[in-house]
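Engineer: The amino acid sequence is not available; the structure is as follows:
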Ligand SMILES: NC(=O)c1ccc[n+]([C@@H]2O[C@H](COP(=O)([O-])OP(=O)(O)OC[C@H]3O[C@@H](n4cnc5c(N)ncnc54)[C@H](O)[C@@H]3O)[C@@H](O)[C@H]2O)c1
């Protein structure tokens, strides 16, 4: 099948690579010329585990192309996937739909033959209706259906999740469109659950899922606060909870608060969308407020360990919003770092993949180190903010030797407390004494 993907970012690129691997002819279009040029030159524009090898393979096979021209991508396509951003509106916090509506208007001119326009971007209920209307206004003769095809991939696992999704939700009110999508996703038959639902339900499933996951993180963070006050150990409590199959053991790791390009924006968008329908989503609203507060509290916790001394050198490990990605959008690590910079002149940072993205966000207000040890040299405190696997294996005796003071604040509970203390560190983590 010929597939056009509009928006070549964290969703569009891995999806394009995956669909090309299944033998489809895929064209990814983006309005950022530099991004398309880099991809044409064979340079990946995002970091995702396992993406590079597959990318080169499908490009070499002539199955994946890149362009800035909407007409080139969309003309003759059987399916157009919309994967543009739906960022939060800076004031209202609703999903800002200007990019998706602009893309719909632009692509409408080039539709020829029956085409399914599938929205992968996360969009509020009713957006499909509006996209349909825009296309109708722009090109009254076009033969098309608009469906919702929510994306559930996890950054850092995008390639894995493309090939082994928990479910594929197809929100289509047209039988013809549904059949086209079932043909496209035929390689997944018998391997995953297909859920065929109405378009509005599909749009809601995505928000309801993300909001639930955000609340689960919020919940375990609140339990961690409780454990700190009561003397219980959050790791033991989480393990005990997770063994209940009704609860499940995922998303029960306490930390500095949720972040990333999805949870903060989607919880806000869900809450705002509900208000428009006259519904108050109290749990989600509380989650949003608490999560914002938590990051400030975590920064205070770090600063208290150095008694607020502005000269103290703070070494920060981890900037991405989670391990396995270079994405710093709405990263709790970046929010905490911003708080630390307000109070300290001497902050050194290191992240295995996210240094460039972090630099774009905070510029030269910190020192960028080549590795964890360079960051930690002469530091008065080492703070772990992102759960990169390599931080689990830090050489503690070496750290002890190069740091000014042996203090570690581990906001991801990555290190073994016993081991850290045995090596002479003062250790502070989340939801447990050690
Ligand atoms: N990132 C994730 O893990 C994830 C997971 C599930 C769903 N989503 C949703 O998918 C959507 C895309 O997210 P993302 O993280 O890939 O965003 P992104 O910012 O990485 O990529 C979006 C791309 O769309 C391009 N674009 C915008 N308007 C365009 C136009 N008119 N024509 C061509 N290109 C255009 C932008 O230049 C950008 O490169 C969002 O709605 C997001 O909520 C994201």
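Structural biologist: Cool, got the structure. Keep in mind that what you see is a predicted model, and the values were worked out from it rather than measured.
Engineer: name the element residue 19 belongs to?
Structural biologist: Per DSSP states H and E: residue 19 is located in helix 12-21.
Engineer: what do you get for residue 409?
Structural biologist: Assignment of secondary structure by DSSP H and E places residue 409 within strand 407-410.
Engineer: could you point out which element follows that strand?
Structural biologist: Taking DSSP H and E as the definition, the helix or strand that follows strand 407-410 towards the C-terminus is helix 417-422.
Engineer: If you count contacts, what does that next one end up packed against?
Structural biologist: strand 426-428 (3 or more CB pairs under 8 Å, 6 or more residues apart in numbering; DSSP states H and E). (Each C-beta comes from the backbone N, C-alpha and C, glycine too.)
Engineer: Show me which parts of the strand it packs on are buried, residue by residue.
Structural biologist: For strand 426-428, the neighbour count (16 or more other CB atoms under 10 Å) marks 427, 428 as buried.
Engineer: and what of stretch 36-55?
Structural biologist: Residues of stretch 36-55 classed as buried: 36, 39, 45, 46, 47, 48, 51, 54, 55 (neighbour count, 16+ other CB under 10 Å).
Engineer: Now do the helices in the stretch 101-250 of the chain.
Structural biologist: Per DSSP state H, counting those that start in this stretch, the stretch 101-250 of the chain has helices spanning 127-138, 158-163, 175-184, 199-230, 234-242. These are given in chain order.
Engineer: burial of the residue lying closest to residue 243 once chain neighbours are set aside, as a residue count?
Structural biologist: The shortest distance from residue 243 to any residue other than its chain neighbours is 7.1 Å, reached at residue 249 (CB to CB, 6 or more residues apart in numbering). Using other CB atoms under 10 Å as the criterion, residue 249 is surrounded by 13 other residues.
Engineer: I'd assumed residue 235 was in contact with residue 249.
Structural biologist: No. Counting by CB atoms under 8 Å, no contact exists between residue 249 and residue 235, whose distance comes to 11.8 Å.
Engineer: Could you export the helices of the stretch 101-250 of the chain as a markdown table, including mean pLDDT?
Structural biologist: Below are those laid out as a markdown table (pLDDT from 0 to 100):
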| stretch | mean pLDDT |
| --- | --- |
| helix 127-138 | 98 |
| helix 158-163 | 97 |
| helix 175-184 | 98 |
| helix 199-230 | 98 |
| helix 234-242 | 98 |
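Engineer: Any chance of CSV for those helices, columns mean neighbour count and distance to the ligand?
Structural biologist: Shown next, in CSV, are the helices of the stretch 101-250 of the chain (neighbours: other CB atoms under 10 Å; distance: least, CB to the nearest ligand atom, whole Å):
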stretch, mean neighbour count, distance to the ligand
helix 127-138, 18, 10
helix 158-163, 20, 7
helix 175-184, 17, 17
helix 199-230, 19, 7
helix 234-242, 17, 24
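Engineer: how about those helices in CSV, adding distance to residue 27?
Structural biologist: CSV is the format used below for these (distance: least, CB to CB, whole Å):
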stretch, distance to residue 27
helix 127-138, 19
helix 158-163, 18
helix 175-184, 15
helix 199-230, 25
helix 234-242, 43
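Engineer: give me the low-pLDDT residue ranges for the stretch 251-400 of the chain?
Structural biologist: The stretch 251-400 of the chain contains no residues with pLDDT under 70.
Engineer: What parts of it come near the ligand?
Structural biologist: Applying the criterion CB under 6 Å from any ligand atom, the portion of the stretch 251-400 of the chain that neighbours the ligand consists of 261, 262.
Engineer: ranges for the strands of the stretch 251-400 of the chain?
Structural biologist: Listed in chain order, the strands of the stretch 251-400 of the chain (DSSP state E, counting those that start in this stretch) span residues 314-317, 347-350, 367-368, 381-384.
Engineer: Let me know which of these is tucked in deepest.
Structural biologist: Comparing those by mean neighbour count (mean count of other CB atoms under 10 Å), strand 314-317 ranks first with a mean of 28.
Engineer: Give me the helices and strands touching that strand, please.
Structural biologist: Packed against strand 314-317 by the contact rule (3+ CB pairs under 8 Å, 6+ apart) you find helix 332-343, strand 347-350, helix 372-376, strand 381-384.
Engineer: How about residues contacting the second one?
Structural biologist: Meaning strand 347-350. With CB atoms under 8 Å, 6 or more residues apart in numbering as the test, strand 347-350 has contacts from 313-319, 337, 340-341, 355, 358, 365-372, 374-377, 379.
Engineer: Give the pairing partners of it; include direction for each.
Structural biologist: Sheet pairing here is set by DSSP bridges, and for strand 347-350 it gives strand 314-317 (parallel), strand 367-368 (parallel).
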